[in-house]
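Colleague: Based on what follows, work out the 3D shape:
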Amino acid sequence: MTDSHPEVSVVICSVGRPAALTLCIEGLAHLEDVTYEIVVVLGPGAETSVADLAARPEIATVVTSPERNLSLSRNLGADVARGSFVAFIDDDAYPSERWLADLIPAFDDPEVGAVGGETLDYTGRTHQAVGSVCSLAGDSRPVLVPPTPGLSETPAARSFYYPIGTNLIVRAEALRSVGGFDEQYDYYHDETDLARRLLDGGWIVRPLPRGHVFHKFLPSAIRGERRIATDRRSIVVNRAYFAARHQAPADGSAQVRSDFEAFADGQQDELAEAESAGLVPSGTLERFVGDRAIATELLEQWLAHPPSPRRHAPLPSAVAVSRSAVLGRQGSSVRHVALIGPDAVATPAVETMAQRLVEAGCRVHLFEHGGTHSTVDLEAGVWRHRVAPGPGVDVLAGAVLPLAGVVDELARTHGEVIALDLIVCDRPVADALDSDSPLTIDLDALERCATIPALLEALDRGCADAS
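Modeller: Residues are numbered from 1 along each chain as shown. Here you go, the predicted structure:
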């Protein structure tokens, strides 16, 4: 922790997921090669208390929001941000070590107003999105490949690409220039509208194929355990508002109505199918029909009287904790260690070794056999890569789990997410690794190190051999 001015202010907006918020804050502690501060905005009814957060010295500022409105909360966080860039991440997400360091260089281009990186879904392995693409009508969808820079980055773009809100970094100057988030968007299309207004203001908005965030997509007020949105009032209302603001001037009211009805029909059909299959509670469809009627009425009002953005008014009284707490650590000073137990099994001894390496200041990635699908999770400071056995492996019949999948996951992590310095494993695992893998250190040799200084000395020798 330093007293310098932060490059980035990381804003987390939270309401009712205290355990997830704690994990998000702990994940931010792993960030490297950037100076940053943490700002937490608590919405009404948040289960985490101001006192709980004030007890964490790594948090710079705590703000309370009077409304359950994500745009308002983000604006309140941006009000107190001291960084040149403001990064937004959800409380049910956490970043890779290189999240900010991989994305901030894009702002070397003075025309870039906002960027975002790759967002992995609840598995930690597959993508939720690299970004999203949206039409002037407000019809959006995630994309898994970065767009080609060009016409989609100009005010003339009818379809435009933008980063999703849980992996979004905005130049503070650009955010101020467009008046922040439009607080009409309590949830859904908040970042979409911001991107559209940044483009209209002459800024470049650019999703990038790096800067990973792990979004666990936990249950919330609008979605259940199955990750299906059951409360879609904000979705349908804000889709109507977006079209009235951005599509109507270009296409006229008739086209707006037609496109909105098609969107609402699609939402209604999806919920009808989900309710019929028992995937959402009974009554979900009926509630949506009522919300759709409200959205249709509002759309007519907005078409008759074109709306202006709901402007933000700073609330100095909302700031509950304010102090200088700037974080930062050089990646070159951190050892990134892969750990694989015998036969890729996380035995108690291997678990103990993982914690000892964390205690020694390492970033630890523990690779092991997993269940029915592969996952990546941050647990107790250790990245746990649990790799599914894959097709054709009959675990119940006693088939030996192959190392190939674990080795492939190590290669993916090393090549796409974080460069690993060393691999700690036994000889059979070392023999299964590719020739271009990082240097290996024998697991037994480390286990014989009785103290943390002895462990660090052994790692130093390994790093020296690698260079």
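Colleague: so who does residue 131 touch?
Modeller: 116, 142-143, 146-147, 161-164, 207 (C-beta atoms under 8 Å, 6 or more residues apart in numbering). For glycine as for every other residue, the C-beta is placed from the backbone atoms N, C-alpha and C.
Colleague: Among those residues, which one lies nearest to residue 197?
Modeller: Among those, residue 162 lies closest to residue 197 (C-beta to C-beta), at 10.9 Å.
Colleague: OK, contacts around the residue lying closest to the closest one once chain neighbours are set aside?
Modeller: For residue 162, ignoring the flanking residues on the chain, the nearest one in space by C-beta to C-beta, 6 or more residues apart in numbering is residue 195 at 3.4 Å. Counting by C-beta under 8 Å, 6+ apart, residue 195 touches 114, 134, 160, 162-163, 205.
Colleague: Please name every helix or strand in contact with the biggest helix by length in the chain.
Modeller: For the chain, the helix with the greatest residue count under DSSP state H is helix 253-276. If you count contacts as 3 or more C-beta pairs under 8 Å, 6 or more residues apart in numbering; DSSP states H and E, helix 253-276 packs onto helix 233-242, helix 284-304.
Colleague: Run a quick neighbour tally on the closest residue to residue 95 other than its chain neighbours.
Modeller: Once flanking residues are discounted, residue 95 sits nearest to residue 213: 5.1 Å by C-beta to C-beta, 6+ apart. Neighbours of residue 213 under the rule other C-beta atoms under 10 Å: 24.
Colleague: Am I right that residue 213 is in contact with residue 93?
Modeller: Yes - contact between residue 213 and residue 93 holds when scored by C-beta atoms under 8 Å: they sit 5.3 Å apart.
Colleague: intersection of neighbour lists for those two?
Modeller: Common neighbours of residue 213 and residue 93 (C-beta under 8 Å, 6+ apart) are 119, 166-167.
Colleague: which residues touch the residue nearest to residue 95?
Modeller: Contacts here follow C-beta under 8 Å, 6+ apart; on that basis residue 213 touches 89, 93-96, 99, 117-120, 166-167.
Colleague: Which of these fall within helices?
Modeller: Counting by DSSP H, these contribute residue 99 to helices.
Colleague: Can you tell me which of the contacts of residue 213 is nearest residue 35?
Modeller: residue 99 (13.8 Å).
Colleague: That closest one touches residue 31, doesn't it?
Modeller: Yes - between residue 99 and residue 31 a contact is recorded at 6.3 Å, counting by C-beta under 8 Å.
Colleague: quick one: which of those two has more around it?
Modeller: Neighbours per residue, other C-beta under 10 Å: of residue 99 and residue 31, the larger number sits with residue 99, 30 against 24.
Colleague: Nearest approach to residue 201 belongs to which of the helices and strands packed on helix 253-276?
Modeller: Distance to residue 201, taken as C-beta to C-beta, is lowest for helix 233-242 among the helices and strands packed on helix 253-276, at 16.9 Å.
Colleague: buried set for that closest one?
Modeller: 233-242 (16 or more other C-beta atoms under 10 Å).
Colleague: got it, and stretch 242-261?
Modeller: Applying 16+ other C-beta under 10 Å to stretch 242-261 flags 242-248, 251, 253, 256-257, 259-260 as buried.
Colleague: so how far is residue 120 from residue 375?
Modeller: With distances taken as C-beta to C-beta, to the nearest Å, residue 375 is found 10 Å from residue 120.
Colleague: wait, I meant residue 11
Modeller: The gap separating residue 11 from residue 120 is 20 Å, by C-beta to C-beta.
Colleague: With neighbour numbers in mind, choose between these two.
Modeller: Each of residue 11 and residue 120 has its neighbours counted (other C-beta under 10 Å); residue 11 has more, 28 against 21.
Colleague: Spit out the contact partners of the more buried one.
Modeller: Here residue 11 is in contact with 39-41, 74, 77-78, 81, 86-89 (C-beta under 8 Å, 6+ apart).
Colleague: could you redo the last one with a cut-off of 7 Å?
Modeller: For residue 11, the contact set (C-beta atoms under 7 Å, 6 or more residues apart in numbering) comprises 39, 41, 74, 77-78, 81, 86-88.
Colleague: since we're on the residue nearest to residue 328 when sequence neighbours are not counted, how many residues are nearby?
Modeller: Take residue 328 and drop its neighbours on the chain: the residue closest to it by C-beta to C-beta, 6+ apart is residue 35, 3.9 Å away. By the criterion of other C-beta under 10 Å, residue 35 has 17 neighbours.
Colleague: got the contact list for residue 35?
Modeller: Shown in contact with residue 35 (C-beta under 7 Å, 6+ apart): 2, 4, 6-7, 326, 328.
Colleague: Show me the two of the residues you listed that sit farthest apart.
Modeller: 2 and 7 (11.6 Å).
Colleague: Neighbour count for those two, which is higher?
Modeller: residue 7 (20 against 11).
Colleague: Test my guess that the more buried one contacts residue 82.
Modeller: No - checked against C-beta atoms under 7 Å, the pair residue 7 and residue 82 is beyond contact range at 9.9 Å.
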